[in-house]
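1. attaching a predicted model along with its sequence, questions to come.
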Amino acid sequence: MVSQQLKALQHEFQSEVGGGLRVEIDSFTNWAQNRKIDHLLVLKPKSLDDIQNAVRATRKLKLRIRSVGATHSWSPIYPDAGNVLMYMDQLKRHDGPQIELHERPDGHKEVTAMANVSLKDLMQFELDNKVVLPTNAVLRDTTVAGTIAPGCHGVGWDAFAISDYATRMRIVDSDGNLRTFSMDDDPDTMKAVQCSFGLFGIMYDVTIRVEPEIIAESTNEFIKVDKTFYDAENLRNIVTNNWSAEIFWWPFNSVSWLETIDTKFDRNLEADEWNPREDEVWVKLVNIPESPDLSRLEPNKTYSLLGLASFLEGLKLKKLSAINALENTPQIVPFFTKASYSYTRSRNDVTYLQELPYAIHWRENIGMIKVLDMEWAFDVKEDFSNVTRATQTVIDITRRLANEGKFPLTVAMEMRWMKYSDAYLCPSIVGNPEYGGSGHTCHLEVLAYQNTPGWESFCNEIAQEWMKIPGSRPHWAKQWEFIQGIDEHIQQVYQPTMCKFVAALDQSGVDPDGIFLNNKLQSLIFPGRQYSNRMLNVQDTKPTDKQQGRSCDIL
């Protein structure tokens, strides 16, 4: 039931923004359906004026405001109940097209895209104009702003985080002014803006550095776990001798079909029935040939067929989810993951020559399958020991739980390698040599389907071991808030660069009243500060002794 207080606030907010922008009371559920927030003032701005009016009203009424795109984040980066949520999908640019290409004085090309442009539309623009952002996320449904703001990454041994390719941003600050930040004018502040979770304001558009069209060759290998996660030297050779490498492990794929069927009938998977080192991993490789044979270039329809296969696969998985098979009968997981791996192996033992955007966004319709996801970033030491240590942790815990008849890893473990980030709060900064990194980063994630029994306990056990690996840190957009001791860990590993972020934010003057914050981001980044907030009564929340002052001052 909506309170009279919220209805009165809705009326007051509507009066402030005027009749051109409708204010509704509604709830919010993200794409993964793991976060639901009730009692929000919901807006759908169509213009810059709409955003500016909404921000000014928010500040005047002492509320908080945050925006969303495709809602693909699992973590608590959304607004708190009783505050303002803006859906950005209807926003139109006031001074140009949604996406445009332009050339810098030095001859390098850039693309300016509105915050709500999807990666799918950006990809098509790259193909049409024969340019490419040399790294990006696999998903096509997410937005430009939603990919850059939490420091997302792609893949490529010499590729930086996606945020690092942002050279200019226009943001609406808490005064309602459209502010411009750029690497040319102020690189130190821009390193804060590039990965800022919307704390500098409402992102309006982003300019990103692109390169001339790149033709890539995608190949696939299937290698024993023993020769990857337990052989650091071989793993290092695989990763460093290719332009990019992604590795996927579906557990139990070496178990016989008979044993997976037996496991379905309410029995544990005994230790002698499954040796994880005998499993195979799928290694998806991309390389850039010096002189590609363009006659081999795959037409778009060929990759669309792969998309159709993914779509059909998704329908199958969706049906299984609908009858709650994995939730109600976890013993079928070994059969299911073995079948998934067998299907993947049979469909992907091929080589493709294609434009790089196709190699990056290599799987369509993946977004239709709702999953749970915990991902961490690790510095890639010269001997790759951090990576093998992290992967073996997952394998060991998965094996022990299987012996107990528990199967929380219902999808796969996946990893991607890249260079690092210069953005102060980007997880990939763990590999930055300026802060003690090796120069490269590994992003490692575990995934499960919705409602998987024991998922949070599984992730927490893994994370307790991962936190012991120096510098390790969670992906901001994935799941992490339920991990024991995670807030203190985040503050500790980000301490040197969090200071720089806070200083840049303060000096910019974009948000002295904290209207772009939510409770979780305030407790992590500004634990000693108090802001007056009408609905949340934040001014009455007292920080603990441990939290007095800024996190960058006290750690």
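-> Okay, I see it. Numbers count the residues shown, from 1 in each chain.
2. L41 and L401: what is the separation?
-> Distance, L41 to L401, by Cβ to Cβ, to the nearest Å: 43 Å. Where you see a C-beta, it was placed from the backbone N, CA and C, and this is true even at glycine.
3. with neighbour numbers in mind, choose between these two.
-> L41 (27 against 19; other Cβ atoms under 10 Å).
4. pull out the buried positions in whatever helix or strand Q522 lives in.
-> Using DSSP states H and E, Q522 maps to helix 519-525. Across helix 519-525, burial judged by 16 or more other Cβ atoms under 10 Å covers N519, L521, Q522, S523, L524, I525.
5. also stretch 272-284?
-> Of all the residues in stretch 272-284, those buried under the rule 16+ other Cβ under 10 Å are E273, W274, P276, R277, D279, E280, V281, W282, V283, K284.
6. need those residues in a markdown table (columns: secondary structure, distance to A504 and pLDDT).
-> Output for these, formatted as a markdown table (DSSP: H, G, I helix; E, B strand; the rest coil; distance: Cβ to Cβ, whole Å; pLDDT from 0 to 100):
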| residue | secondary structure | distance to A504 | pLDDT |
| --- | --- | --- | --- |
| E273 | helix | 55 | 83 |
| W274 | coil | 50 | 92 |
| P276 | helix | 45 | 97 |
| R277 | helix | 47 | 97 |
| D279 | coil | 46 | 97 |
| E280 | strand | 46 | 98 |
| V281 | strand | 41 | 97 |
| W282 | strand | 41 | 94 |
| V283 | strand | 40 | 95 |
| K284 | strand | 37 | 93 |
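7. now flag whichever of those residues is closest to H361.
-> Nearest to H361 among the buried residues of stretch 272-284 is K284, at 12.9 Å by Cβ to Cβ.
8. does the closest one touch F248 like I think?
-> Yes: contact criterion Cβ atoms under 8 Å: K284 and F248 qualify, at 7.4 Å.
9. pull up the overlap in contacts between these two.
-> Common neighbours of K284 and F248 are not found (criterion: Cβ atoms under 8 Å, 6 or more residues apart in numbering).
10. for the buried residues of helix 519-525, give me CSV that also has pLDDT and distance to L356.
-> Compiled in CSV, these are given as follows (pLDDT from 0 to 100; distance: Cβ to Cβ, whole Å):
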residue, pLDDT, distance to L356
N519, 94, 40
L521, 96, 34
Q522, 95, 39
S523, 94, 40
L524, 95, 35
I525, 95, 35
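11. how much space between K370 and Q479?
-> K370 is 13 Å from Q479, by Cβ to Cβ.
12. between the two, tell me which one has more neighbours.
-> Neighbours per residue (other Cβ under 10 Å) separate K370 from Q479, with Q479 holding more: 25 against 15.
13. three-state assignment of that one?
-> For Q479, the assignment made with DSSP: H, G, I helix; E, B strand; the rest coil gives coil.
14. where does it land on pLDDT?
-> Q479 is assigned 97 on the pLDDT scale.
15. just C552 next, same as before
-> Note for C552: predicted pLDDT of 56.
16. ok, Y165 touching N136?
-> No: between Y165 and N136 there is no contact, the gap being 9.1 Å when judged by Cβ under 8 Å.
17. the two - which one has more neighbours?
-> More crowded of Y165 and N136, by other Cβ under 10 Å: N136, with 28 against 23.
18. how about a markdown table for the buried residues of stretch 272-284, with distance to A70 added?
-> Shown next, in a markdown table, are those (distance: Cβ to Cβ, whole Å):
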| residue | distance to A70 |
| --- | --- |
| E273 | 41 |
| W274 | 37 |
| P276 | 35 |
| R277 | 38 |
| D279 | 33 |
| E280 | 33 |
| V281 | 29 |
| W282 | 26 |
| V283 | 29 |
| K284 | 24 |
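19. among the residues you listed, which two are most distant?
-> The largest separation in the buried residues of stretch 272-284, counting by Cβ to Cβ, is between E273 and K284 at 28.7 Å.
20. need the next SSE after the one helix or strand R399 maps to, C-terminal direction.
-> Here R399, judged by DSSP H and E, is contained in helix 385-403. Per DSSP H and E, the first helix or strand lying C-terminal to helix 385-403 is strand 412-418.
21. ok, and for that next one, which residues are buried?
-> Residues of strand 412-418 classed as buried: A412, M413, E414, M415, R416, W417, M418 (neighbour count, 16+ other Cβ under 10 Å).
22. can you check stretch 230-238 too?
-> Using 16+ other Cβ under 10 Å as the test for burial, stretch 230-238 gives Y230, D231, A232, N234, L235, R236, I238.
23. next: stretch 453-466.
-> Buried residues in stretch 453-466, counted by 16+ other Cβ under 10 Å: G454, W455, F458, C459, E461, I462, A463, E465, W466.
24. ok, stretch 90-109 next?
-> Applying 16+ other Cβ under 10 Å to stretch 90-109 flags L91, R93, Q98, I99, E100, L101 as buried.
25. end-to-end on it?
-> End-to-end distance for stretch 90-109, by Cα to Cα, to the nearest Å: 27 Å.
26. who's in contact with it?
-> Contacts of stretch 90-109 (Cβ under 8 Å, 6+ apart): 44-51, 110-117, 121-122, 125, 129, 131, 205, 209-212.
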